[in-house]
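In: Quick one: sequence plus predicted model below, questions after.
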Amino acid sequence: MEGIVKTMAVGRRKESVARVQLFPGKGTITVNNRPYDKYFLRETDRIIVKQPLVMTSLSDRYDVIANIKGGGLTGQAGALRHGISRALIQVEPSVKDFLRKEGFLTRDPRAKERKKYGQKGARKRFQWTKR
């Protein structure tokens, strides 16, 4: 791969971290050394992953290689979308405003709330008994 310019970016969502490499190519997406449609079995996750490339009409111009760790599959799909969007900006700065408007560059801050002491979970309390 000598002479080919690659772009790297990191995307995050919940507990998932996606390290993304973007290469000029035909539009293949590889996740953890597997094709993305074999890795993400749900159609919604596959749609989420492809969104930045499809909406900017760049899906047939770049190949994506990603390593993802942590979280569940939907969180990983969101992290991958975030990483692809960040990498696209480095290659094509003209799409930044569009991706920002669509919300692909904003890191989703929602995460699991911690369990509190004296309670069953984050919010649920132990049952109160009168007698």
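Out: Yes, it's here.

In: Name the residue closest to the centre of this protein, please.
Out: Nearest to the mean C-alpha position of the chain, counting by Cα atoms, centre = their mean, stands residue 79 at 2.0 Å.

In: And that one, which helix or strand is it part of?
Out: Assigned by DSSP states H and E, residue 79 falls within helix 73-91.

In: Please apply the same query to residue 49.
Out: helix 43-55.

In: Residues in contact with that helix: which ones?
Out: Residues outside helix 43-55 that contact it (Cβ atoms under 8 Å, 6 or more residues apart in numbering): 27, 29, 36-37, 40, 59, 62, 64, 73-74, 76-78, 80-81, 84-85, 88, 98-99, 102, 104. C-beta coordinates here come from the backbone N, C-alpha and C atoms, glycine included.

In: Same question for stretch 9-21.
Out: 6-8, 22, 64-72, 75-76, 78-87, 90, 107-108, 110-112.

In: Apply the buried test to the residues you listed and list what passes.
Out: For the contacts of stretch 9-21, a burial check counting by 16 or more other Cβ atoms under 10 Å picks out 7, 22, 64-66, 68, 71, 75-76, 78-87.

In: Buried ones in stretch 85-99, by neighbour count?
Out: For stretch 85-99, by 16+ other Cβ under 10 Å, it's 85-89, 91-92, 95, 99.

In: ugh, wrong one, stretch 11-24
Out: Per 16+ other Cβ under 10 Å, stretch 11-24 contains these buried residues: 11-14, 16-23.

In: Format the residues you listed as TSV; extra columns: pLDDT.
Out: Formatted as TSV, the buried residues of stretch 11-24 follow (pLDDT from 0 to 100):
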residue	pLDDT
11	96
12	96
13	95
14	93
16	96
17	97
18	97
19	97
20	96
21	95
22	94
23	91
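
In: Widest-spaced pair of these?
Out: 14 and 23 (27.2 Å; Cβ to Cβ).

In: For the closest residue to residue 41 other than its chain neighbours, grab the count of nearby residues.
Out: Leaving out its chain neighbours, the residue that sits closest to residue 41 by Cβ to Cβ, 6 or more residues apart in numbering is residue 73, at 7.6 Å. As a burial measure, residue 73 scores 15 neighbours (other Cβ atoms under 10 Å).
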